[in-house]
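**Student:** Okay, structure incoming, though there's no sequence with it:
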């Protein structure tokens with residue numbers, strides 16, 4: 001389950017996995033941008049994501065939030081109250097390959 005995340009943290013992902021992550025993050029970013037509130041719950045995002053994004057997560061047995069928290073410069077994942085449903089918001093306007101996979105990408 002955590003192999004992809006470990007490889008991501010070490011910057012040791014194959015290009016095919018990086019492409020899958022990039023497409024999924026673009027999908028999520030577009031959904032958040034289309035939201036009238038500027039944020040979405042992970043459950044709502046999961047229901048609205050493209051089938052390819054859902055398959056990407058399912059095949060790797062990952063939860064969406066597990067992946068999004070790896071990109072704190074791009075997404076915020078916070079709850080408005082203790083024990084509440086987290087909300088996903090976007091921190092950047094345009095999602096590019098350089099933004100997602102920038103050298104020295106912080107966790």
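**Tutor:** That came in fine, so what should we check first? Fair warning: this is a prediction, and the values are worked out from it, not measured in the lab.

**Student:** How about the residue most central in space within the chain, nearest residue that isn't a chain neighbour?
**Tutor:** Averaging the C-alpha coordinates of the chain gives a centre point, and the residue nearest to it by Cα atoms, centre = their mean is residue 68 (3.3 Å). Take residue 68 and drop its neighbours on the chain: the residue closest to it by Cβ to Cβ, 6 or more residues apart in numbering is residue 75, 4.7 Å away. Where C-beta positions appear, they are placed from N, C-alpha and C, glycine not excepted.

**Student:** wait, what's in contact with the one you found?
**Tutor:** Counting by Cβ atoms under 8 Å, 6 or more residues apart in numbering, residue 75 makes contact with 25, 28-29, 32, 68-69, 88-91.

**Student:** Apply 7 Å and report the result again.
**Tutor:** Under the criterion of Cβ atoms under 7 Å, 6 or more residues apart in numbering, the contact list for residue 75 reads 68, 88-91.

**Student:** what's the spacing between the nearest residue to residue 41 once chain neighbours are set aside and residue 79?
**Tutor:** In space, not counting the residues next to it along the chain, residue 41 is nearest to residue 85; the distance is 5.1 Å by Cβ to Cβ, 6+ apart. When Cβ to Cβ, to the nearest Å is applied, the distance between residue 85 and residue 79 equals 7 Å.

**Student:** hmm, who's touching the top helix by length along the chain?
**Tutor:** For the chain, the helix reaching the highest residue count under DSSP state H is reported as helix 15-34. The set of residues external to helix 15-34 that reach it, using Cβ under 7 Å, 6+ apart, is 4, 39-40, 45, 48-50, 52-53, 56, 68, 71, 74, 88-90, 95, 97, 100-101.

**Student:** Are any of those buried, and if so which?
**Tutor:** Among these, those that count as buried by neighbour count (16 or more other Cβ atoms under 10 Å) are 4, 39-40, 45, 48-49, 53, 56, 68, 71, 74, 88, 90, 95, 100.

**Student:** Next step: those residues restricted to helices.
**Tutor:** Counted as lying in helices by DSSP H, out of the buried ones among the contacts of helix 15-34, are 4, 45, 48, 53, 56, 68, 100.
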